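with the sequence up front, the predicted model follows.
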Amino acid sequence: MFAMKMDTAPKVGYAAMSQKYIKKEDALMTTVAGTQIYVDTFFARQPIFDAGNNVFGYELLYRKTPLERSANFTDKDVATLSVISTALLSSPEPDQTGKKIFIHFSPDSILADVPSALPPKTTVVEVEPSLEVPEEFDQALVRVKERGYTIALNHFLPGQCARRLVELADIVFVDVMDKDEAGIASVLKELADLKCMLAAKRVEDIGHFQLAKKLGFKLFQGFFFEKPIIVPGRKLPSNKITRLNLYRTLEKEEMDLEELTRNIESDVSISFRLLTFINSLAFGLRYKVSSIRHAILMLGWQQIKSWLWLVVLSDVMPPDKTSELPYLSSIRAKFLERAAVNHNIRSISPDTLFLMGLFSLLEPMLDTPMRELVDSLPLDDAVKEALCGERNVYSDWLDVAKCFESGDWTRLDELTRAHGLDPIKVASSYCEALVWAKSLYEQAAPAA
């Protein structure tokens, strides 16, 4: 993780300042809901879950350029951050109310009133532990709380943090990696008399997730949700295999209207959702579409393919799994596709990279070994091998996506250099993927 830092500056209206810089045209940009956003910035989002495995919010991991080892806020960055935070609030869940964005701010940034560029209701101001809290910084944190921001203390360790910081914090993160129950409990003793919400970070498997819940943690960050629970002898039900086989229809370069219509009409749930989608207010049609064939023709091949990919992927997942899994899969898929297109890669098909990213989390979704799943997938053998953990050129591309998700910028730099990728185009591709996934998931969500 890279700390956000900027030089102390006069307390000015950063929200107003951001509007000025957002109009500049000397940087690569894309669009989020009609607002321009700079994409010469490396940022990633890591989900933070509640005890029910629902997304509570996202932590923003930020770095300005691949040449920097820490992120330094400039005026333009404040504009960028304001818009990116809105994009990162995207989640596969229909109700976005209450989702938080966790962002690291240095003391200088807080003294310069940088958090005021972001909405108090959805912004969590993360601060690092410190043995001393200067009076000026203390007062600045009090003002942040008074304006309605949530304050989180990152990586609490006994004896390494001033009690005043813990008292000001609404949320306290404790690193549970490599700690047993006794080790975690000893850390929590120091927080027993405080009213802060406990958040476990670096929760890497289901065992640690369950242990942290038992010890009283309310929030959980880590990649435990990507870990499958393999049950020996478990087989996919026939209806899920049928759903996965629908991808064979979708992998074709050109639409077979009759076959696609027949496949959709044979599935009541997908038919209902497609007609609900096409007749929604988003299309503003003056007449009602009552035919699957008509709906397909109106949407076109590319849009109907994308929509169906996500519908089917969401539908094969058991109800007890977090909806973050198919959402993350869709971001991976589009990111890899756009990275190949933006670099004009000819040796690997962007469509192939899309499908690899889309299917890369099937194992934890279905708690079924990937080697048993790949036979049902319309993929080349080399892609199947990469999904099963074998090393080849495809696995390197998958690693690029994983590095972005985890904010492993050092490893990402190594991979981009090794494959001759432009870091700015890579960052741009991730931003495009995030916006695309938000839009498409809103369309593919099951009808109420």
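In hand now; what should we look at?

quickly list the domain ranges of this protein.
4-226, 238-444 (automatic domain parsing).

including mean pLDDT and mean neighbour count, could those go into TSV?
(Glycine included, C-beta is placed from N, CA and C.) Below are the domains of the chain laid out as TSV (pLDDT from 0 to 100; neighbours: other Cβ atoms under 10 Å):
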stretch	mean pLDDT	mean neighbour count
domain 4-226	74	17
domain 238-444	81	18
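
which stretches of the protein form strands?
Secondary structure of the chain (DSSP state E): strands located at 4-5, 29-32, 35-38, 42-50, 55-63, 71-72, 100-104, 123-127, 150-153, 171-175, 197-201, 219-221.

how about those strands, which one is nearest Phe272?
Of all those, strand 55-63 sits nearest to Phe272, with 26.1 Å by Cβ to Cβ.

for the closest one, packing partners?
strand 42-50, helix 75-88, strand 100-104 (3 or more Cβ pairs under 8 Å, 6 or more residues apart in numbering; DSSP states H and E).

quick test: name the residue nearest the centre of this structure.
Arg45 (4.6 Å; Cα atoms, centre = their mean).

wait, that residue touches Tyr62, no?
No. When contacts are counted by Cβ atoms under 8 Å, Arg45 is not listed as touching Tyr62 (10.0 Å).

rewinding a little: how about the strands of the chain, which one is nearest Leu297?
strand 29-32 (27.5 Å).

Leu313 against Leu328, yeah?
No. Here Leu313 lies out of contact with Leu328, judged by Cβ under 8 Å, at a distance of 10.9 Å.

what residues are up against the residue nearest to the centre of the chain?
Counting by Cβ atoms under 8 Å, 6 or more residues apart in numbering, Arg45 touches 58-61, 88, 434.

what about stretch 348-364, distance to the chain center?
Here the centre of stretch 348-364 is set off from its chain's centre by 16 Å, with Cα atoms, centre = their mean, to the nearest Å.

ignore the last one, stretch 144-162
With Cα atoms, centre = their mean, you get 24 Å for stretch 144-162.

quick check: the two most widely separated of the contacts of Arg45?
Checking these with Cβ to Cβ, the most distant pair is Glu59 and Leu434, at 14.5 Å.

grab the nearest non-local neighbour of Leu308.
Of all residues not flanking Leu308 in the chain, Leu250 sits nearest, at 6.0 Å (Cβ to Cβ, 6 or more residues apart in numbering).

no wait, Lys145
Using Cβ to Cβ, 6+ apart, the nearest residue to Lys145 is Ile151, at 6.0 Å.

ok, so what distance separates that neighbour from Trp309?
40 Å (Cβ to Cβ, to the nearest Å).

what's the answer for Ala401, then?
Taking Cβ to Cβ, one finds Ala401 at 17 Å from Trp309.

repeat for Trp436
Distance, Trp436 to Trp309, using Cβ to Cβ: 12 Å.

any residues in contact with both of those two?
Ser330.

report the contact partners of the residue lying closest to Ile348 once chain neighbours are set aside.
Spatially, and ignoring its direct neighbours in sequence, Ile348 is nearest to Ala340 (6.0 Å; Cβ to Cβ, 6+ apart). The contact partners of Ala340, taken as Cβ under 8 Å, 6+ apart, are 348-350, 353.

my read: Leu274 touches Ile264, true?
Yes. Taking Cβ under 8 Å as the definition, Leu274 is a contact partner of Ile264 at 6.4 Å.

mind listing the shared neighbours of those two?
With Cβ under 8 Å, 6+ apart as the test, Leu274 and Ile264 both reach Ile292.

distance of Val187 from Glu132?
21 Å.

surely Leu165 is in contact with Pro129?
Yes. Under the criterion of Cβ under 8 Å, Leu165 makes contact with Pro129 at 6.6 Å.

list residues touching both of these two?
In contact with both Leu165 and Pro129: Leu153, using Cβ under 8 Å, 6+ apart.

residues contacting Leu219?
Per Cβ under 8 Å, 6+ apart, neighbours of Leu219: 48-50, 56, 171, 197-200.
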